[in-house]
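Novice: okay, predicted coordinates and the sequence, questions at the end:
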Amino acid sequence: MSSHQEQRTRMVERHLRSRGITNPDILAAMGEVPREDFVPEEMREFAYEDGPLPIGEGQTISQPYIVALMIDAADVAPGGRVLEVGAGSGYAAAVMSRIAGEVFSIERHEPLAKAAAERIDRLGYDNVSIIAGDGTKGMPDEAPFDAILVAAGGDKVPEPLKRQLAVGGRLVVPVGGEDVQTLLCITRTGENDWSEHDLGGVRFVPLIGAFGRYENGSRAA
Ligand code: SAM
C-alpha cells in the first residue's frame, strides 16, 4: 500500500490534471490537504478514489474532481474572502484555505459542523471558520464575498447569496431537481446585474433551508 502522500499525488494527476484542472494553486492545495483525515476511519482506504463518501447524518464528502471544478469556476484566489454553504466534513473549506485569504463555511447539521470545526482546528487551518446554521441565508455580517460555493442542490438560486457577492465575485451553485442538478456559475457584474453560465450536470445532496428546497418538511419560501 502506498503512502497517503503518494495516493494524493496520484489523485491529482489522474482525477484532476488529466481531466482539465490546470490551476496550480488548486492542484497544490489538493496535493497537500489529507483527505483521509476528513472521512470516517472505515472509509480511509477509499479516500483517494474519485467519488463521494458517507460522512454521517446521511451526508457525503464531495468527489475530489467536483471540489476542484467548483473552486476553479468560483475563481477562488489568493487574498479572497470565500463563503461555502455545506461544510460537511470541512474538506473543501480546508482546500480553499490553502488558496484564499479567509474561508467561512456553514453547515446545517450541528454534529457535522462540530466535527469539521474540531478537525480544521487540529490540522491548523486557522483562516477557516465553520459555523452551524442555515447557509441559504448566507452571512450578511461578513459579506461581501469574492466567491460563494454551494455544496448542496436546491430548486432555485438562494437570493441572499447573490446579494452577498462582491461586484466581480462568483457564485457556484447546483440548481435543479432532487436527483440531478445543473451546476451554475453566476458572476455579479454590477450592483443589480448578474450573468450566468452552465457548467454541466451534477448530483448533490439536497440544499435544505429558508431559501432552499424544504424546511421542516414543507416547501421553503
Ligand atoms: N463540502 C463538503 C465537504 O467537503 O465535505 C461536502 C458537502 S455535502 C455534499 C453537502 C452538505 O450541505 C451536507 O453536509 C448538508 O448537511 C449541507 N447542507 C444542506 N443544506 C444546507 C444549508 N441550508 N445550510 C448549510 N448546510 C447545508
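Specialist: Everything's here; your move.

Novice: contact partners of stretch 162-170?
Specialist: 73-75, 81, 83, 138-140, 143-148, 171, 185-191, 194 (Cβ atoms under 8 Å, 6 or more residues apart in numbering). Every C-beta, even on glycine, is put in place using the N, C-alpha and C of the backbone.

Novice: now do it, average pLDDT.
Specialist: Per-residue pLDDT over stretch 162-170 has a mean of 98.

Novice: same question for stretch 208-221.
Specialist: 70.

Novice: this structure: helices as residue ranges?
Specialist: Taking DSSP state H as the criterion, the chain carries its helices at 4-11, 24-30, 64-73, 91-97, 110-123, 159-163.

Novice: check those helices for me and report the most buried one.
Specialist: Using mean count of other Cβ atoms under 10 Å, the stretch among the helices of the chain with the greatest mean number of neighbours is helix 91-97 (a mean of 28).

Novice: run the angle between the longest strand along the chain and helix 64-73 for me.
Specialist: Longest strand in the chain, counting residues (DSSP state E): strand 165-176. Angle, strand 165-176 to helix 64-73, by axes from the mean of the first three to the mean of the last three Cα atoms, to 10 degrees: 150 degrees.

Novice: anything in strand 165-176 near the ligand?
Specialist: No: figure legend: strand 165-176 not in contact with the ligand (Cβ under 6 Å from any ligand atom); closest approach 9.6 Å.

Novice: quick check: the residue nearest to residue 146 when sequence neighbours are not counted vs the ligand, distance?
Specialist: Counting by Cβ to Cβ, 6 or more residues apart in numbering, residue 146 lies nearest to residue 80, which is 3.9 Å off, once chain neighbours are set aside. Noted for residue 80: a distance of 17 Å to the ligand, by Cβ to the nearest ligand atom, to the nearest Å.

Novice: residue contacts, residue 80?
Specialist: Residue 80 neighbours (Cβ under 8 Å, 6+ apart): 99, 100, 101, 102, 146, 147.

Novice: appreciated, that's everything.
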